[in-house]
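Asker: build me a model:
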Amino acid sequence: MQLSIILTSKYRLLSVAAIVDVFETANRLLRDDGKPELFQLTFVGPTATKLLPEGVNHLPYRPFNSDQQYDLIFVPAFGSVDLVKTLEENSCFIPWLHQQYTAGAILASNCTGAFLLAASGLLDGRKATTHVDAADKLVACFPKIRLQQDAVVTHDANIYTSGGATSGFHLKLALIQKYCGRDMAIRIAKKFSIDMDRENQAYFGHFAPIEAHADELVMRVQHKIKSQFPEIRSIEEAIADIPASRRNLVRRFKQATGLTPIRYLQKTKIEAAKKLLENTEKGLFEIMLCAGYNDMKNFRQLFKENTGMTPKAYRNKFAMRFDPIIS
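Answerer: From the prediction side, this is the model:
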């Protein structure tokens, strides 16, 4: 099976290395079982030759304009970059992706690699996911996508996408199971210590509000929410002293931040609750009040909508634990 990994501009090395490691491990386990290797790995890029990173430079490299047809093509995650500019730099891959897909190749993206598939138009009308913190940007840039924001892995018409970072291992497990069977997928999961029961990535999200914009009125509302969110009960309270109509301000706020003011306020409150659950031993009632809520049922519901789990389950997963020092 011909498996190619696109060496895009600004690719994340960890993403590339994980793809290589998992599928080479599958090949090794097949050999151990007395079976032939299944995956022939090749790097593909835009230039005639490429200097490969140490650790993966034993694999062959081909320019994408060669006549080679691939069965499975991986688009790795991008690093922390300007995605709009990075997509422009990688636009040369788009015709090739269309050609390979039309000829029968299965396409798979890790994390923010979904942006390149989206830019190609191949995700229009299809289910897709990406890193939970990049999901709003993905759907804003490519509104025709059927975004599955909390999904760990999606599969639609021979195109696979995965959520952030370690969710990419679940995508690889899905493909290993498809081509090598369930038993091999379980063996790979154990080799890489992957929990196979992950069905949601929402709890990995981190609210990092956009403040790099030039709308001073919107910035005033953001600063007010940031400093006074526990006391603000409604968006009307947040914009009461802003010299603009509610309708106009809501439009400008969403344009500048990607969120409506009420959604922004909610995310700010829930993020504060998450930090308290992670770093303190405060009781849930006190945390609810500190986050600016006064109804436990409503707080629990909003928390689960935003994180995919209850406050108690979130604390169990992320609370800081200090092991005793053994002298």
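
Asker: use CA for all of it now, contacts and neighbours both
Answerer: Will do.

Asker: break the chain down into its structural domains.
Answerer: 2-204, 216-318 (automatic domain parsing).

Asker: so for Ile210, which of those domains sits nearest?
Answerer: Nearest of the domains of the chain to Ile210, taken as CA to CA: domain 216-318 at 5.4 Å.

Asker: the closest one spans what distance, first to last residue?
Answerer: 36 Å (CA to CA, to the nearest Å).

Asker: and for stretch 204-222?
Answerer: Note: stretch 204-222 ends 23 Å apart using CA to CA.

Asker: give me the contact list for it.
Answerer: 132-133, 238-239, 242, 249, 252-253, 256-257, 267-268, 271, 307 (CA atoms under 8 Å, 6 or more residues apart in numbering).

Asker: again, only using 6 Å
Answerer: Val132, Asp133, Phe253, Thr257 (CA atoms under 6 Å, 6 or more residues apart in numbering).

Asker: now it: average pLDDT?
Answerer: The average pLDDT for stretch 204-222 rounds to 91.

Asker: can you check stretch 33-52 too?
Answerer: 94.

Asker: ok, Gly308 to Gln149 distance?
Answerer: Distance from Gly308 to Gln149, by CA to CA: 11 Å.

Asker: the two: who's more crowded?
Answerer: More neighbours surround Gln149 than the other of Gly308 and Gln149, with 22 against 19 (other CA atoms under 10 Å).

Asker: which one is Tyr70 nearest to, not counting chain neighbours?
Answerer: Gln2 (5.0 Å; CA to CA, 6 or more residues apart in numbering).

Asker: which residues does the one you found contact?
Answerer: Counted by CA under 6 Å, 6+ apart, Gln2 has contacts Gln40, Tyr70, Asp71.

Asker: kindly recompute the last result at 7 Å.
Answerer: By CA atoms under 7 Å, 6 or more residues apart in numbering, the contact list for Gln2 reads Phe39, Gln40, Leu41, Tyr70, Asp71, Leu72.

Asker: pretty sure the last one is touching Ser4, no?
Answerer: Yes: taking CA atoms under 7 Å as the contact criterion, Leu72 and Ser4 are neighbours in contact, 6.4 Å apart.

Asker: more neighbours: these two, which one.
Answerer: Between Leu72 and Ser4, counted using other CA under 10 Å, the more crowded position is Ser4 (26 against 22).

Asker: avg pLDDT for the one helix or strand that one maps to?
Answerer: Per DSSP states H and E, Ser4 falls inside strand 2-6. For strand 2-6, the mean per-residue pLDDT is 98.

Asker: for it, the distance to its chain's centre please.
Answerer: Centre-to-centre, strand 2-6 and its host chain are 21 Å apart (CA atoms, centre = their mean, to the nearest Å).

Asker: and that strand, which strands flank it?
Answerer: Paired with strand 2-6 in the same sheet, following DSSP bridges, are strand 40-45 (parallel), strand 72-75 (parallel).

Asker: the helix or strand following the longest one pairs with which strands?
Answerer: Right, the one you point to is strand 40-45. Downstream of strand 40-45, the first helix or strand assigned by DSSP H and E is strand 61-63. Each strand paired with strand 61-63, and its direction, by DSSP bridges: strand 40-45 (parallel).

Asker: Lys304: neighbour count?
Answerer: Neighbours around Lys304, by other CA under 10 Å: 18.

Asker: which ones are touching it?
Answerer: Thr310 are the contacts of Lys304 under CA under 7 Å, 6+ apart.

Asker: recalculate using a threshold of 8 Å.
Answerer: Thr310, Pro311.

Asker: and the host helix or strand of it, average pLDDT?
Answerer: Using DSSP H and E, the element containing Lys304 is helix 296-307. Across helix 296-307, pLDDT averages out at 96.

Asker: may I see the buried residues of it?
Answerer: Phe299, Arg300, Leu302, Phe303, Lys304, Asn306, Thr307 (16 or more other CA atoms under 10 Å).

Asker: again, but for stretch 74-89
Answerer: In stretch 74-89, counting by 16+ other CA under 10 Å, buried: Phe74, Val75, Pro76, Ala77, Phe78, Gly79, Leu83, Thr86, Leu87.

Asker: stretch 94-111 now?
Answerer: Ile94, Leu97, His98, Gln100, Tyr101, Ala105, Ile106, Leu107, Ala108, Ser109, Asn110, Cys111.

Asker: likewise stretch 120-127?
Answerer: Here stretch 120-127 shows Ser120, Gly121, Leu122, Leu123, Asp124, Arg126, Lys127 as buried, counting by 16+ other CA under 10 Å.
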